[in-house]
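# Generate a structure from the sequence data that follows.
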Amino acid sequence: MPIVDFINACKENTNTNISHVICTSKENILAEYIIEPYKRDTLKLFFSMTKSFAGLAVGIACDMGLLDLDDFIVGFFDKELPLLPHKNLKKIRIRHLLTMSCGIHDDTYRELVIQNDWVRAFLNQEFPHEPGTYYKYCTHGSHMLSAIITKVSKMSLEDFLNIHLFHPLGIFEAQWEQSPEGLTAGGMGLSLYPDSLVKIAQMLLNYGAYNGKQLISRKYIKMATEQQIVKQESSFFGGAGYGFQFHIGKEGFCRMDGAFGQLCLLCPANDLAVIVFSQCSKMEDLLSLIYKHLIYEDQSGKICLLDHNNFRVKVPGQVWFPLRKYRFNDNKWGIENVEFLFLDGVYQVIIKNRNGIEKILFSLDYDTNGKVKFIKNLQMHMQEYICRADFHESLELTLFFIETPYVVKYNFAFEEEKISIGFSVNVSFTLENFIVKGFAQ
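Model prediction:
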């Protein structure tokens, strides 16, 4: 069974750590595999897959006559333009933003993301290359698409897509982060259910149509999902092509992809889309296994059905650890005190830090769930977690944040009147692992 072979191969590869696999045709889900504690009906953060949705919004706006792909972007931002704009800024068209060819030479994400106004920061850059001639991945170029949609539609990118794409598809749960200047983030920050991404994939396999209704023109979808520019760097499976906010890989198959191994690969020739969410996977390794096991398994390119084979790790029985409160001296992580309680048949660890109070529920006999504040792309949000607890020489709590790839481990080591807390996260752009020590209060 190809999908079973794919899942086993992912388990054996140290560079792939997946939580969801869903394979769909134009009309039906063919196979799915979701590892507990993850689910189909909880939000997943898309990271840079978000960019493809900004591109789809441009297609809808183009179909509506609100803009043209050859419009110069300076025409939308007369109030935001710098006093002395770079000469190539005036040559940038919407299609250059779509193809990541606005003219920058290096990835300027780190310089721009810390600015208070991303639109002005983008327009104030140097553009050493003639627009349209040089590919360079540019998150804030995608954000400019969001700004343009807001200019021409008088509504946010989030509201625009809710009205013209998500709601017609029966998608009502979309959540989206905002940029510092209050726009919908165009290059990151979208969260949807996995099943909603299935609907998007089916719509794309049908070239913009869903349930008999053309939501985005076939012409635009074909342009978006075919190669429009060649990348300077390439990989065997990831390819060297780029469309309109879609990567073009081996055999011309296109994909949305996001940090840490989030993926929607579209294979129209096979009537197949492969959706993968990961805790942390390297894209080339992930793609190599998809191409090997799911696309070329047989001459027809079809895959077999998979029974739902969810699995879970058993946790040990109840053991003892001290139920008391601990204090901490000043530390750069801002932890002030930690308290362990047992109430209504469940343990609680209450962590007070500079950002407030976090309460984590846990049991040594079964999984627990709750919500705490944790980072997404840009901001802290209340997020659902599943907690698994283990106790051998120390207490270890593993928090699976259901919406994101983040898996956090807290290790509490007890020694008489002292405690040591270890924090680690599997992947992050901003957080660091640490160990901090405290004393019984």
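
# Quickly note the distance from residue 71 to residue 161.
Counting by C-beta to C-beta, to the nearest Å, the gap from residue 71 to residue 161 is 20 Å. Every C-beta, even on glycine, is put in place using the N, C-alpha and C of the backbone.

# okay, now residue 104: neighbour count?
Residues near residue 104, counting by other C-beta atoms under 10 Å, number 22.

# that older thread, which one's more surrounded, residue 71 and residue 161?
Counted by other C-beta under 10 Å, residue 71 and residue 161 do not tie: residue 161 has more neighbours, with 24 against 16.

# The more buried one is in contact with residue 171, isn't it?
No - using C-beta atoms under 8 Å, residue 161 is not in contact with residue 171; the gap is 9.1 Å.

# mind checking how far residue 131 is from residue 392?
59 Å.

# got it, and residue 231?
Distance from residue 231 to residue 392, by C-beta to C-beta: 48 Å.

# Look up the pLDDT of residue 408 for me, please.
Among the per-residue scores, residue 408 holds a pLDDT of 96.

# Touching the helix or strand it falls within from outside, list them.
Taking DSSP states H and E as the criterion, residue 408 maps to strand 407-415. If you take C-beta atoms under 8 Å, 6 or more residues apart in numbering as the criterion, strand 407-415 is touched by 279, 321-322, 338, 349, 360, 374, 393-401, 419-426.

# Strands - which of the residues you listed land there?
Among these, the members found in strands (DSSP state E) are 338, 349, 360, 374, 395-401, 419-425.

# biggest strand in the chain, by residue count?
strand 380-391.

# Adjacent strands (with direction) for that one?
For strand 380-391, the paired strands and their directions (DSSP bridges) are strand 368-375 (antiparallel), strand 395-401 (antiparallel).

# what angle separates the longest one from strand 407-415?
Using axes from the mean of the first three to the mean of the last three C-alpha atoms, to 10 degrees, the interaxial angle of strand 368-375 with respect to strand 407-415 works out to 110 degrees.

# now strand 368-375 against strand 418-425, angle please.
Put simply, strand 368-375 runs at 70 degrees to strand 418-425, going by the same axes, to 10 degrees.

# List the buried residues in strand 368-375.
By 16 or more other C-beta atoms under 10 Å, the buried positions in strand 368-375 come out as 368, 370, 372, 374-375.

# With stretch 324-337 instead?
325-326, 328, 335.

# How far does it stretch from one end to the other?
11 Å (C-alpha to C-alpha, to the nearest Å).

# Just the strands from the stretch 151-300 of the chain, written as ranges.
175-176, 190-192, 209-210, 213-214, 229-235, 239-242, 247-248, 254-258, 262-267, 272-278 (DSSP state E, counting those that start in this stretch).

# of all those strands, which lies closest to residue 436?
Between residue 436 and these, the shortest gap by C-beta to C-beta is with strand 272-278, which sits at 29.2 Å.

# Output the below-cut-off pLDDT ranges for the stretch 1-150 of the chain.
The model of the stretch 1-150 of the chain has pLDDT under 70 over residues 1.

# One more: the stretch 201-350 of the chain?
296-321.
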